[in-house]
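Asks: coords below, sequence missing:
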């Protein structure tokens, strides 16, 4: 059975011209970026030759722009999921129905994910230019798209959570952007500064474990690591291998050694996928608990 909230949100969203205008603007900007890149790559040489390897860079640029747009659009779509219902005084009516609080927040997230999926599908003709010149496979595109959708789900669930604990949509939007900045740019700055001032700690297995676990919360680095995995660039691997490891003979150090090697064997993007899935589930669970009606105990 289709989620009632998802069915209603889908009908109302697709009736608005704003979603189609957003798709047209987004696709137009992507097409402009692709056209400029193609023009540069065909005119920089004297013989007007074309290097198909440049399509890989175009593919990465387009995907980076797509993830940035997702980070901007998703909070605006989901920040008013619960606070908007509260402002319209319709939240209590939804809670009086047979729907559980969890189905309400999941339906809100699914409706925003449908919008993101429509935007991604609308951009496929632009990405087809890359496939025309070669250098990129469909598997690369599917992997990147799945990562983008999971990132959108995490962002949307965080935004819905703030929408349940705040009364204003603008407040939940701002808090979502703050969290996104904290887990991307803030995470990178804090971690790198820590490695500089605590060099003795990070020159050990405990430092390696901290780096891996800290960067696992950073979707931006995970995206770069996924690109590294597909095209063997190696940027993130060099960043993570900045801390050298000392060998210890104590049993506790051997435990840290085993944990560090286990984390090192797992790609960073895989750890991030696990973290994003866990954050999404936790945020939805907490959101459902926050809007759950308080039931008085029977005396």
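Replies: Received it, and whenever you're ready, just let me know what you need. Just so we're clear, the structure is a prediction, and the values are computed from it rather than from any experiment.
Asks: low-confidence stretches in the protein?
Replies: In the prediction, the chain carries residues with pLDDT under 70 at positions 1, 41-53, 195-208, 233-257, 259-260, 294-299.
Asks: show me what contacts the residue most central in space within it?
Replies: Among the residues of the chain, the one closest to the centroid is residue 151, at 2.2 Å (Cα atoms, centre = their mean). By Cβ atoms under 8 Å, 6 or more residues apart in numbering, the contact set of residue 151 is 67, 70-71, 219, 223, 276. The way it works is simple: take the backbone N, C-alpha and C, and place the C-beta from them, glycine included.
Asks: how about residue 10?
Replies: Residue 10 makes contact with 111, 114 under the criterion Cβ under 8 Å, 6+ apart.
Asks: which element, helix or strand, includes it?
Replies: Under the criterion of DSSP states H and E, residue 10 resides in helix 4-14.
Asks: and that helix, how far out from the chain middle?
Replies: Offset of helix 4-14 from its chain centre (Cα atoms, centre = their mean, to the nearest Å): 23 Å.
Asks: go on, stretch 138-157?
Replies: Put simply, stretch 138-157 sits 7 Å off its chain's centre (Cα atoms, centre = their mean).
Asks: list the buried residues of it.
Replies: Within stretch 138-157, the residues scored as buried using 16 or more other Cβ atoms under 10 Å are 140-141, 144-145, 147-148, 150-157.
Asks: same question for stretch 126-137.
Replies: Neighbour-count burial for stretch 126-137, counted by 16+ other Cβ under 10 Å, picks out 126-127, 129-131, 133, 135-136.
Asks: stretch 212-224 too?
Replies: So, applying 16+ other Cβ under 10 Å, buried residues of stretch 212-224: 212, 214-224.
Asks: end to end on stretch 79-99, go ahead and measure it.
Replies: Start and end residues of stretch 79-99 are separated by 21 Å (Cα to Cα, to the nearest Å).
Asks: one step back: check which helix or strand covers the residue nearest to the centre of the chain.
Replies: helix 138-165.
Asks: which of the buried residues of stretch 138-157 lies closest to residue 11?
Replies: residue 156 (19.1 Å; Cβ to Cβ).
Asks: in contact with the closest one, which residues?
Replies: Residues near residue 156 by Cβ under 8 Å, 6+ apart: 74-75, 77-78, 109, 112-113.
Asks: now swap in residue 91 and tell me
Replies: Each residue near residue 91 by Cβ under 8 Å, 6+ apart is listed here: 82, 85, 291.
Asks: again, only using 6 Å
Replies: By Cβ atoms under 6 Å, 6 or more residues apart in numbering, the residues touching residue 91 are residue 85.
Asks: over to residue 271?
Replies: residue 216.
Asks: before we move on, which element is it in?
Replies: Going by DSSP H and E, residue 271 is part of helix 268-291.
Asks: can you give me the buried ones in that helix?
Replies: Neighbour counts using 16+ other Cβ under 10 Å place 268-269, 271-273, 275-276, 279-280, 283-284, 287-288, 291 of helix 268-291 among the buried residues.
Asks: and the helix holding residue 151 with helix 268-291, angle?
Replies: Interaxial angle, helix 138-165 versus helix 268-291 (axes from the mean of the first three to the mean of the last three Cα atoms, to 10 degrees): 30 degrees.
Asks: right, and the helix or strand after helix 138-165?
Replies: Taking DSSP H and E, what comes next after helix 138-165 is helix 169-181.
Asks: packing partners for that following helix?
Replies: For helix 169-181, the packing partners by 3 or more Cβ pairs under 6 Å, 6 or more residues apart in numbering; DSSP states H and E come out as helix 54-78, helix 83-87, helix 138-165.
Asks: among the buried residues of stretch 212-224, which ones are in helices?
Replies: The subset of these located in helices under the criterion DSSP state H comprises 212, 214-215, 219-224.
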